[in-house]
Structures are given as C-alpha cells and as structure tokens.
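Visitor: prediction below, plus the sequence it came from.
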Amino acid sequence: MTVPTAEEVRVDTRTELRMQFTDHELAGLSALAAGLRGVAEADLTEEDALVAALEHALTRLIDDFEVPDPTARAEVQRARDDLRTHWIRGAATL
C-alpha cells in the first residue's frame, strides 16, 4: 500500500469569502505570512497565513482548553483533522 502524495489528496473545492480587516489586523496577517515564508522557505500568501492561523487556533482549543460541550469539541477535532488531512498550502502549519 502506498501513501498518497499531497497532490493526490488535494481538494480543489473553494468558497470565495469577502473579509474586511482593520489596518492592524492586516499588518498582523502580513507579518504572519512573512514569518511563515521564512520558516517554510516557500512563497506563502496572507491567505496561507490565515489557514495556518485557523489550524493553530483549532489545535489550541484541542490541546490547551477543555471545550465543555462534547458536540462542539468533536466538531473542533473533526475540523482540525480534516484541515490537516487536506492541507494544500505547504508546510505552513504552526
């Protein structure tokens, strides 16, 4: 049995969202993208940084906090695991 490569498990379905950020939020997102580019040694964008931040937030909820509602906790775990399984944005996880 062979393990599929990142390209083989790539998910191409996307939903376009329009988000508005304050100047401070945008500066933080740009700084995160710059830091990830240095760590991953890849040309990552602010969109990549947002996905990495989302993965990090879900991980923090799982590892550092006890989400009291079992249904919400399962949703957080499932979303994080699915995000990691279908990670198509390089090695940008924090």
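Guide: Yes, it's here.
Visitor: what helices and strands are in contact with the helix or strand where His24 lies?
Guide: Assigned by DSSP states H and E, His24 falls within helix 23-40. Using 3 or more C-beta pairs under 8 Å, 6 or more residues apart in numbering; DSSP states H and E, the elements in contact with helix 23-40 are helix 46-63. From N, CA and C alone the C-beta is placed, and that goes for glycine too.
Visitor: give the buried residues for the helix it packs on.
Guide: Within helix 46-63, the residues that count as buried by 16 or more other C-beta atoms under 10 Å are Glu46, Asp48, Ala49, Leu50, Val51, Ala52, Ala53, Glu55, Leu58, Thr59, Leu61, Ile62.
Visitor: the helix holding His24 vs helix 46-63, what angle?
Guide: 90 degrees (axes from the mean of the first three to the mean of the last three C-alpha atoms, to 10 degrees).
Visitor: of the buried residues of helix 46-63, closest to Ala31?
Guide: Distance to Ala31 across the buried residues of helix 46-63 (C-beta to C-beta) is lowest for Ala49, with 8.6 Å.
Visitor: rewinding a little: tabulate the buried residues of helix 46-63 (CSV), appending pLDDT.
Guide: CSV is the format used below for the buried residues of helix 46-63 (pLDDT from 0 to 100):
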residue, pLDDT
Glu46, 88
Asp48, 83
Ala49, 85
Leu50, 87
Val51, 84
Ala52, 85
Ala53, 88
Glu55, 87
Leu58, 91
Thr59, 90
Leu61, 92
Ile62, 90
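Visitor: and those, which is closest to Arg84?
Guide: Nearest to Arg84 out of the buried residues of helix 46-63 is Glu55 (C-beta to C-beta; 6.8 Å).
Visitor: please report phi then psi for the nearest residue to Leu54 once chain neighbours are set aside.
Guide: Excluding the flanking residues, the one nearest Leu54 by C-beta to C-beta, 6 or more residues apart in numbering is Leu83, at 7.0 Å. With angles defined as degrees, to the nearest 10, Leu83 sits at phi -60, psi -40.
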